[in-house]
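>>> here you go, sequence then predicted model.
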Amino acid sequence: MSTASSTRTKVFILAGPTASGKTDLLLELFGSGVAGYASTCPRAVVVSADSMQVYRGMDIGTAKPGPELLARLPHRLIDILEPSQQYTAGDFVRLAESACADIAASGALPVLSGGTGFYLRSFLCGMPTAPAADAALRSEVARDLRECGAGALREELRSVDPESEGRIHPADLYRLTRAVEIVRATGRPLGAFASPESARDDFDFLVVGLERPREELYARIDARVDAMFEGGLAGEFLELRRSGFRESAPGMRAIGYREFYGLPAELFDLASELFERRPEVLALREAVKLDTRRYAKRQMTFFRALPGIRWAPPGAAALGELVSAFLAGEGPRTAGAR
């Protein structure tokens with residue numbers, strides 16, 4: 001291993017779709033107080049690459065690790081914002097870089113893990129070259145959104161950048177307004193701004209993706225959603241709404257929360273225990289399952305394009321060997337594609 005390589009911070013990136021078992025596997029590898037690989041693998045701290053676990057109060061629907069798990073496997077970048085606050089890929093990269101530096105300085109291994117593919121790619125490769133936000137232009141677009149509505153902004157974007165307009169979810173006002181800002185500032189579509197294609201050279205990366213058969217993954221998703229509803233997801237949503245967080249809040253656009261906004265408004269006035277038992281609420285379980293399965297399919301498509309990703313079944317033995325070889329300086333800077 002070269003001197004330059006030995007001075008770079010090592011970062012292990014574990015990608016995988018929702019419910020693929022990332023957290024359980026990391027706990028088996030690195031968690032204190034468990035037998036097996038935890039006794040031989042290095043101390044690790046997880047940097048969450050989940051765009052929704054950053055939000056306080058959104059615990060059940062984001063499968064956020066609880067206090068007992070956190071005591072055994074520390075996490076960074078969870079519970080740092082209110083659901084009304086925007087959290088961008090740029091924010092994630094900035095905070096994750098700082099977290100990785102702190103973790104490495106403490107002698108632990110930084111582990112980036114999560115299902116938000118764009119965040120992982122942005123950290124791995126660097127941010128796209130789109131222009132920085134301009135405060136005056138942002139205020140102008142925000143005013144047009146208030147006065148003319150999202151439909152008018154979508155029409156404006158479609159006229160210049162139909163590809164981006166087609167990819168932006170109807171509820172994702174942040175991405176919509178940001179795309180309009182870029183079009184107004186440059187007259188060019190988002191696709192005109194190149195995203196780096198290879199891993200950055202200021203870190204050493206091991207990039208691993210967890211792979212399960214589709215039917216097995218979908219069964220795990222269905223079981224997770226069932227557990228969320230049985231664990232009080234509807235009540236958690238109602239509490240967030242009563243705290244003032246509406247459909248336009250960035251956090252409330254998450255799967256498992258946004259589906260509730262299609263319910264009749266009068267249901268939101270019910271007590272939590274009555275709300276949770278309403279047939280309309282119980283029927284949302286299947287909608288959340290479907291949305292989550294669709295999201296998992298998109299996640300896998302995105303992960304397959306990560307440079308240097310190496311796919312592995314969700315077992316500690318194979319992954320432990322990869323991590324050990326990586327820390328010993330064996331193999332390429334990023335794991336070779338399969």
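Sure thing, it's come through.

>>> how are the helices of this structure distributed by residue range?
3-6, 22-30, 67-72, 89-105, 117-125, 135-148, 150-160, 162-167, 173-186, 214-230, 233-242, 272-277, 279-303, 316-327 (DSSP state H).

>>> lowest mean pLDDT across those helices, which one is that?
The weakest mean pLDDT among those belongs to helix 3-6, with a mean of 51.

>>> okay, how far is it across stretch 75-82, tip to tip?
Chord length of stretch 75-82, first to last residue, is 18 Å (C-alpha to C-alpha, to the nearest Å).

>>> again with stretch 151-170
Start-to-end, stretch 151-170 (C-alpha to C-alpha) is 9 Å.

>>> same question, stretch 244-254
16 Å.

>>> so who does Val183 touch?
Glu156, Leu157, Val160, Asp161, Pro189 (C-beta atoms under 8 Å, 6 or more residues apart in numbering). The way it works is simple: take the backbone N, C-alpha and C, and place the C-beta from them, glycine included.

>>> hmm, try it at 7 Å
By C-beta atoms under 7 Å, 6 or more residues apart in numbering, the contact list for Val183 reads Leu157, Val160, Asp161, Pro189.

>>> the closest residue to the first one other than its chain neighbours - how many residues pack around it?
In space, Leu157 comes closest to Glu165 once its chain neighbours are excluded; the distance is 4.4 Å by C-beta to C-beta, 6 or more residues apart in numbering. One way to gauge burial is a neighbour count; for Glu165, by other C-beta atoms under 10 Å, it gives 21.

>>> in contact with Glu165, which residues are there?
Contacts of Glu165 (C-beta under 7 Å, 6+ apart): Arg154, Leu157, Arg158.

>>> take the helices of the chain and lay them out in a markdown table including distance to Gly256.
As requested, the helices of the chain are exported to a markdown table (distance: least, C-beta to C-beta, whole Å):
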| stretch | distance to Gly256 |
| --- | --- |
| helix 3-6 | 41 |
| helix 22-30 | 17 |
| helix 67-72 | 19 |
| helix 89-105 | 20 |
| helix 117-125 | 18 |
| helix 135-148 | 25 |
| helix 150-160 | 22 |
| helix 162-167 | 21 |
| helix 173-186 | 19 |
| helix 214-230 | 7 |
| helix 233-242 | 6 |
| helix 272-277 | 14 |
| helix 279-303 | 5 |
| helix 316-327 | 28 |
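
>>> compare the ones you listed and give me the one nearest Arg200.
helix 117-125 (6.2 Å; C-beta to C-beta).
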